[in-house]
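[1] Mind looking at a prediction? Sequence and model below.
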Amino acid sequence: MGKEIGSDGFTEDDFARFRERLALETEHARAAYAKGEFASEGLVAGFELEAWLIDEHFFPVPRNVSFLERMDSPLVVPELSMFNVEINGTPQDLLGTALSRLESELTATWQQCQRVAAEEGATLIAIGTLPTLRERDLSLASMSPFKRYAALNEQILRQRDGRPLTLDIAGIDTLSTTHADVMLEAATTSFQVHLQTPVSEVARTYNASQVLAAPLVALAANSPFLFGRALWHETRIPLFEQTVDCCEPGHPEHMRVTFGSGYLGADPTECFAENLSSYPVLLPYDEPGPVHAYAHLRLHNGTIWRWNRMLIGFDRDALPHLRVEQRVMPAGPSIVDMIANAAFYFGAVRRLARQTVAPESQLPFAVARDNFYRAARHGLEAQLVWTDGRRRNVAELLLRELLPLARDGLLELGLAAADIERYLAVVAARVGSRQNGAAWQLAHYARHQDFFRLAADYLAHQSRLTPVHEWPI
């Protein structure tokens, strides 16, 4: 979905041709995997960070077109709304000082973005949901002027027979509203981490990512407020799931934003077969090219937002690879916090994916899914069922089991000792203090009862590049 499409209107013939090509590419991917044609070497890490452009009053400001023209960087690209942008990291081989290189590049890009935003009379902020956001900010007038976004909105509403999208979230408070278009999606911003693995390890890595989704979202939670209501610690989760809901009534397993329907088996391309069989095509843009370019498969996959998503990409030598996109983490609260979250994920998923007894064989998928939503709702106070069948507090699970596991995994990967110590110390201090971004925001609002002061203080702390466990209330 990051690539612009070449049409702003579709016919039934377009859908038919796309489905035919999609079926060919899906079968080709299955056969290519069976013949060992996907990349079998190396681990590579990358990320995407979505951020907000805000004005001096801390309201979103729709200026990404001129901002991006000024930036003129391939690492900074548009998002659905004109008050959001996406910052990408250069993929890094996951060894040595890869983590600090990711942080250094993100810091440099972020600071350049801030200089350019200032020229636009704006500021960039990385936060899962913006506490000063108003529902009226989310209109089609603020949609980025790209055909793919207009077409996405049109096709989702078409599949809903024109019915408005309904938002109904019960958390600390309750929020119910309806919206006539998909712009509610722009209220969610994420820090998405990519992990390319040898093809022989990718199914186990995907399943381990599903197992880890609950503790990871609890650790990283940073989205407690929406439209003046305190909802879930990670409100992005129910918000995003409901804002592009075009599944048929009675078939929630076909939601476009979903935890998924099960673990993967031995063949990781099963997820693309499920895409073909279970999800109607949204954007039937026909792109000329060979079947092995997977253009239609990749476009269709980009319109199904599993919280852990399998992607097909290509190496420098045009060899196809498979990678996991871990989508559960919100943007913010600080750059070091986000890289620390990534470090934890890379290390823990490495060890879980290589355990003799696969964790997915010990934790039923339905339990992993229930854990995920419980963690998104309650953050570091959530109670999860783990692989031993015991229910425990997620913070204690992180400190006693998962952080040591992550350390072992990072050592096994050959990451620099100083990086391992730095980033895992940030995670440990955050969990030990029980102060992640969501907890800080909730405590700040409880004390000051002012969303504008909350945004101002948050932005000031973020600009100092200090981790959230050090932020005063």
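    Nice, I can see it.

[2] Touching stretch 442-462 from outside, list them.
    With contact meaning C-beta atoms under 8 Å, 6 or more residues apart in numbering, stretch 442-462 is reached by 54, 57-58, 123, 125-127, 130-132, 172, 224-225, 228, 230, 233, 332-334, 435, 440-441, 468, 471, 473. C-beta: built from backbone N, CA, C; applies to glycine.

[3] show me what contacts the most centrally placed residue in the chain?
    Closest to where the C-alpha atoms of the chain average out (C-alpha atoms, centre = their mean) is residue 327, at 2.6 Å. Residues in contact with residue 327, defined by C-beta under 8 Å, 6+ apart, are 190, 192, 305, 306, 307, 308, 309.

[4] Now, the contacts of stretch 442-462 that are in strands?
    With strands taken from DSSP state E, the overlap with the contacts of stretch 442-462 comprises 54, 123, 125, 225, 230.

[5] Report the two of those separated the most.
    Greatest spatial distance among these (C-beta to C-beta): 123 and 230, at 24.3 Å.

[6] What residues sit buried inside stretch 459-473?
    Buried residues in stretch 459-473, defined by neighbour count with 16 or more other C-beta atoms under 10 Å: 459, 461, 462, 467, 468, 469, 471.

[7] Spatially, which two of those residues are the most separated?
    Farthest pair in those, by C-beta to C-beta: 459 and 469, 17.8 Å.

[8] how about TSV for the contacts of residue 327, with distance to residue 38 and pLDDT added?
    Shown next, in TSV, are those (distance: C-beta to C-beta, whole Å; pLDDT from 0 to 100):
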residue	distance to residue 38	pLDDT
190	26	98
192	21	98
305	23	96
306	19	97
307	23	98
308	18	98
309	17	98
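
[9] Most neighbours out of the residues you listed, which is it?
    residue 308 (25 neighbours; other C-beta atoms under 10 Å).

[10] measure it to residue 199 for me?
    Here residue 308 is placed at a distance of 17 Å from residue 199 (C-beta to C-beta, to the nearest Å).

[11] Check residue 226 too.
    From residue 226 to residue 199 the distance is 40 Å (C-beta to C-beta).

[12] With residue 263 instead?
    For residue 263, the distance to residue 199 - C-beta to C-beta - is 17 Å.

[13] Which helix or strand contains the closest residue to residue 398 other than its chain neighbours?
    Excluding the flanking residues, the one nearest residue 398 by C-beta to C-beta, 6 or more residues apart in numbering is residue 431, at 4.9 Å. Taking DSSP states H and E as the criterion, residue 431 maps to helix 417-433.

[14] Tell me the confidence at the nearest residue to residue 195 once chain neighbours are set aside?
    Take residue 195 and drop its neighbours on the chain: the residue closest to it by C-beta to C-beta, 6+ apart is residue 324, 5.1 Å away. Among the per-residue scores, residue 324 holds a pLDDT of 98.

[15] circling back: tell me the one of the contacts of residue 327 nearest residue 16?
    For those, the closest approach to residue 16 (C-beta to C-beta) belongs to residue 305, at 24.8 Å.

[16] contacting residues around residue 10?
    Contacts of residue 10 (C-beta under 8 Å, 6+ apart): 151, 155, 283, 284, 285.

[17] same thing but 10 Å
    If you count contacts by C-beta atoms under 10 Å, 6 or more residues apart in numbering, residue 10 has them with 18, 151, 154, 155, 158, 281, 282, 283, 284, 285, 286.

[18] what's the closest of the residues you listed to residue 394?
    Nearest to residue 394 among those, with distances taken as C-beta to C-beta, is residue 282, at 34.8 Å.

[19] Okay, the closest one and residue 321: tell me how far apart.
    25 Å.

[20] And residue 257, by the same measure?
    For residue 257, the distance to residue 321 (C-beta to C-beta) stands at 25 Å.

[21] What of residue 340?
    From residue 340 to residue 321 the distance is 26 Å (C-beta to C-beta).

[22] who's more crowded, those two?
    Neighbours were counted for residue 340 and for residue 321 using other C-beta under 10 Å; residue 340 has more, 25 against 20.

[23] per-residue confidence at residue 174?
    At residue 174, pLDDT is 98.

[24] What residues does it make contact with?
    168, 229, 231.

[25] Just the closest of those to residue 42, please.
    Nearest to residue 42 among the contacts of residue 174, with distances taken as C-beta to C-beta, is residue 231, at 40.5 Å.

[26] in terms of contact, does the closest one touch residue 131 like I think?
    No - here residue 231 does not reach residue 131: they are 11.4 Å apart, not a contact under C-beta atoms under 10 Å.

[27] any residues in contact with both of the two?
    223, 224, 225.

[28] wait, the second one sits on residue 232?
    Yes - applying C-beta under 10 Å, one finds residue 224 in contact with residue 232, separated by 7.1 Å.

[29] so what's in contact with those two at the same time?
    Joint contacts of residue 224 and residue 232 (C-beta under 10 Å, 6+ apart) are 129, 171, 172, 379, 438.
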